[in-house]
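In: coordinates only, no sequence provided:
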Ligand SMILES: Cc1cc2nc3c(=O)[nH]c(=O)nc-3n(C[C@H](O)[C@H](O)[C@H](O)COP(=O)(O)OP(=O)(O)OC[C@H]3O[C@@H](n4cnc5c(N)ncnc54)[C@H](O)[C@@H]3O)c2cc1C
């Protein structure tokens, strides 16, 4: 049976890859054409027709191989062109960290990188999306870099749900931080930052079992991410989270353990049903993608290895507090996802809030259409809690240290140059999930903007002046650019008195509209990644500027305000460009490009398109290869169902 299964898999796999079963492939040069003709002979009557079809097949095959070869060469060139980390391994050992002589500070020693002449010390906290994109972009000779992170690897988080069921292996979504840091010839410290002294420019780091030390910096980048929310219901200790590689491993073991326990003939039926009830709390992208991967695992693999009676007992339940799942995406995608999941016999419960969770049960309250609330209980064998994020401990500590300048309880507030508010000289930056960019409220600058928009002496802005104004203002405040540019189109709507010009009160309405449209950037890898790239370019530019212009360097050293001004002038503000959001939905995928542009499809092409996007975003050639091998292995042999 297994042999048959493997053969079916292999044939399916090769067919899906667009190739023929490999038994015939070795002979394609000499014999392939003859084989093609032979087959045509068997099926057709006319010799001429047979020859044509044979030649057609030969041509198609040549074309396919040519396309595959060109694709492979293109992919290789693409990888090298994207500065794969392998391209920077010069075989030299990394920089060494040294201890400063003396007593240290507050009883802890001070650690420093060996300083190169004229370079500042750049310390980066974290090895996630933001930090890694910075490290991959910053000029190699601009700073003496030290990276501090409790994890000595980067996780490609969008594929974590795939790891929970073994579609891809743990190591295929990880890249060692030291390999990434090597590009900058910097140092790495595997420890957690626990405090920052912004006056002395020191970060306190702690490694369990080793102790604490200060790390000295000239500039600090905080990219410590966020942690899974620990609030919203009681009994969260009974739930899994999906944020770390340890979480993914725990989930994988739990799923298999439940199946094995349920398969025991001694396990009573109600207990089997409970063990095979998987509940996902939260209908956001992570919860939905996990549910989709779980469905694939059941539908493609476990059904071959567990009795039908057990399969019939499996239940996947998504509990979502909002009216729809994936509610942050286009409404068409939410509908599609719900339809898709229901088609796969998953239970989607919306307008429901989980209240409490025990080791074998989960209680939730459901808002009914008539406004009343109904209480329900589910016997469960597994719960994933995926409902939101909370501030990382280090970000909270830094926020508390900076006092009134940091009033947001969820993230560090940064200005448009990603500088943490409250640090006088602007030497501390934050990016990714731990930071939130403070938008410039245009209404606060209304007088200045109005004056800059019209001719001196006039009391209103003409249509022609307005066109120039929106372009200038969009360049100055890039975060508001798309909303400002849209105002030009709506000029007539705001020109209430139809004077073909905008007076002060009409202008105020316009700016209030733009301000109301600005929302915090989402906690997404692409936000963190764009911020990392932006910061790397900005920091490189500053290093080059100070190296070439001693007068600026001296002015900046003279006062924190002067330094902030010089650097804000030299580096343009950060502007985020949304490239769309992807979601995998179990043999289906959806992409939301914003502005009402949504793509969704439930076929294998969608699945492979989704995979190819993530494949192209890998940080290294090594993970690209590992991923490709995992997907091929999955296609041919299925997922690994062993538990260890
Ligand atoms: C399962 C899952 C799926 C996701 N899918 C997508 C997706 O498909 N698309 C998308 O755009 N986004 C996705 N995201 C969100 C995305 O992963 C985050 O937005 C992104 O990781 C944020 O990057 P970051 O650099 O801010 O933080 P992270 O990538 O979380 O990195 C934080 C780093 O800081 C380190 N750190 C923590 N504390 C300390 C400390 N005290 N000192 C030093 N270092 C510390 C951590 O070890 C880690 O290396 C997903 C997230 C998850 C969990």
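Out: Great, that's in hand. Everything quoted here is computed from the prediction, not taken from an experiment.
In: what residues does the chain put near the ligand?
Out: Proximity of the chain to the ligand, by C-beta under 6 Å from any ligand atom, involves residues 125-131, 148-151, 157-158, 160-161, 192-193, 223-225, 242-243, 285-286, 392, 394, 432-434, 523-526, 528. Yep, even glycine has a C-beta here, placed from its N, CA and C like the rest.
In: in a strand, residue 579, correct?
Out: No. Secondary structure assignment (DSSP: H, G, I helix; E, B strand; the rest coil) places residue 579 in coil, not in a strand.
In: who's in contact with it?
Out: The contact partners of residue 579, taken as C-beta atoms under 8 Å, 6 or more residues apart in numbering, are 526, 593.
In: how about 10 Å then?
Out: 524, 526, 530, 591, 593, 594, 613 (C-beta atoms under 10 Å, 6 or more residues apart in numbering).
In: excluding chain neighbours, what is closest to the residue of the stretch 51-200 of the chain found nearest the ligand?
Out: Sorted by distance to the ligand under C-beta to the nearest ligand atom, the residues of the stretch 51-200 of the chain start with residue 128, at 1.8 Å. When the adjacent residues along the chain are set aside, residue 128 lies closest to residue 225, with 5.0 Å between them (C-beta to C-beta, 6 or more residues apart in numbering).
In: what's the pLDDT at the one you found?
Out: pLDDT for residue 225: 96.
In: wait, doesn't it sit right on residue 154?
Out: No. Under the criterion of C-beta atoms under 10 Å, residue 225 makes no contact with residue 154, lying 11.4 Å away.
In: and for those two, which residues touch both?
Out: With the criterion set as C-beta under 10 Å, 6+ apart, the overlap between the contacts of residue 225 and residue 154 is 126, 127, 128, 129, 131.
In: how near is the first one to residue 132?
Out: When C-beta to C-beta, to the nearest Å is the yardstick, residue 126 and residue 132 sit 9 Å from each other.
In: now the end-to-end length of stretch 377-391.
Out: 31 Å (C-alpha to C-alpha, to the nearest Å).
In: and residue 563, how many neighbours does it have?
Out: When counting by other C-beta atoms under 10 Å, one arrives at 20 neighbours for residue 563.
In: quickly find the element holding it.
Out: Per DSSP states H and E, residue 563 falls inside helix 560-570.
In: direction included, what does the following helix or strand past that helix pair up with?
Out: Sequence order places strand 581-584 as the next helix or strand after helix 560-570, per DSSP H and E. The sheet places strand 581-584 alongside strand 589-594 (antiparallel), with pairing taken from DSSP bridges.
In: what about stretch 433-453, average pLDDT?
Out: The predicted model gives stretch 433-453 an average pLDDT of 87.
In: straight-line length of it, end to end?
Out: With C-alpha to C-alpha as the measure, stretch 433-453 spans 36 Å from end to end.
In: report the buried residues of it.
Out: Within stretch 433-453, the residues that qualify as buried are 433, 434, 435, 436, 437, 439, 440, 442, 446, 449, 450, 453, counting by 16 or more other C-beta atoms under 10 Å.
In: got the domain boundaries for this protein?
Out: Domains of the chain are assigned by automatic domain parsing as 2-81, 97-227+391-437, 236-387, 442-517.
In: can you redo these as TSV with distance to residue 577?
Out: Shown next, in TSV, are the domains of the chain (distance: least, C-beta to C-beta, whole Å):
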stretch	distance to residue 577
domain 2-81	20
domain 97-227+391-437	14
domain 236-387	18
domain 442-517	10
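In: the ones you listed: which one's closest to residue 620?
Out: domain 97-227+391-437 (5.2 Å; C-beta to C-beta).
In: any idea how far the residue nearest to residue 128 is from residue 527?
Out: Using C-beta to C-beta, one obtains 12 Å as the distance from residue 225 to residue 527.
In: over to residue 442?
Out: Taking C-beta to C-beta as the measure, residue 442 falls 22 Å from residue 527.
In: phi first, then psi, for residue 240.
Out: Backbone torsions for residue 240, taken as degrees, to the nearest 10, come to phi -90, psi 150.
In: which ones are touching it?
Out: For residue 240, counting by C-beta under 10 Å, 6+ apart, the contacting residues are 164, 228, 247-248, 250-251, 254-255, 280, 290, 382-386.
In: look up how far residue 372 lies from it.
Out: In this structure, residue 240 lies at 32 Å from residue 372, with C-beta to C-beta as the measure.
In: which residues in the stretch 401-550 of the chain form helices?
Out: Defined through DSSP state H, counting those that start in this stretch, the helices belonging to the stretch 401-550 of the chain, from first to last, are 446-453, 463-476, 481-489, 491-494, 504-517, 525-548, 550-558.
In: and residue 335, which of these is closest to it?
Out: Using C-beta to C-beta as the criterion, the shortest distance between residue 335 and the helices of the stretch 401-550 of the chain is 24.3 Å, found for helix 525-548.
In: circling back to that earlier point, need the residues touching each of residue 225 and residue 527.
Out: With contacts defined as C-beta under 10 Å, 6+ apart, the residues shared by residue 225 and residue 527 are 129, 130, 431, 432, 433, 435.
In: start to end distance for stretch 180-194?
Out: Taking C-alpha to C-alpha, the first and last residues of stretch 180-194 lie 23 Å apart.
In: list the buried residues in that stretch.
Out: Neighbour-count burial for stretch 180-194, with 16+ other C-beta under 10 Å as criterion, is recorded at 180-193.
In: how distant is it from the center of its chain?
Out: Per C-alpha atoms, centre = their mean, to the nearest Å, the displacement of stretch 180-194 from the mean C-alpha position of its chain is 21 Å.
In: what do you get for stretch 174-188?
Out: In terms of C-alpha atoms, centre = their mean, the gap separating the centre of stretch 174-188 from the centre of its chain is 20 Å.
In: related to what we said a few turns ago, which of the residues of the chain next to the ligand fall in strands?
Out: 125, 148, 149, 192, 193 (DSSP state E).
In: ok, now which ones touch the second one?
Out: Pointing back at residue 148 there. Taking C-beta under 10 Å, 6+ apart, we find residue 148 in contact with 111, 123-127, 131, 177, 187-193, 203, 205, 207, 215, 217, 220, 224, 394.
In: who's it bridged to?
Out: So, taking DSSP bridges as the rule, residue 148 has residue 125, residue 189 as bridge partners.
In: make 24 the first number, not 1, from now on.
Out: Okay, residue one is now 24; in that scheme the one you just asked about reads as residue 171.
In: identify the contacts common to residue 149 and residue 155.
Out: Here residue 149 and residue 155 share the contacting residues 170, 177, 200, 246, 551, scored by C-beta under 10 Å, 6+ apart.
In: and residue 630, how many neighbours?
Out: Here the number of neighbours of residue 630 (other C-beta under 10 Å) works out to 20.
In: now the one 10 residues further on
Out: Residues within reach of residue 640, counting by other C-beta under 10 Å, total 15.
In: any idea how far it is from residue 147?
Out: Summarising the geometry, the distance separating residue 640 from residue 147, computed by C-beta to C-beta, is 20 Å.
In: same check, this time on residue 177
Out: Distance check for residue 177 against residue 147: by C-beta to C-beta, it reads 12 Å.
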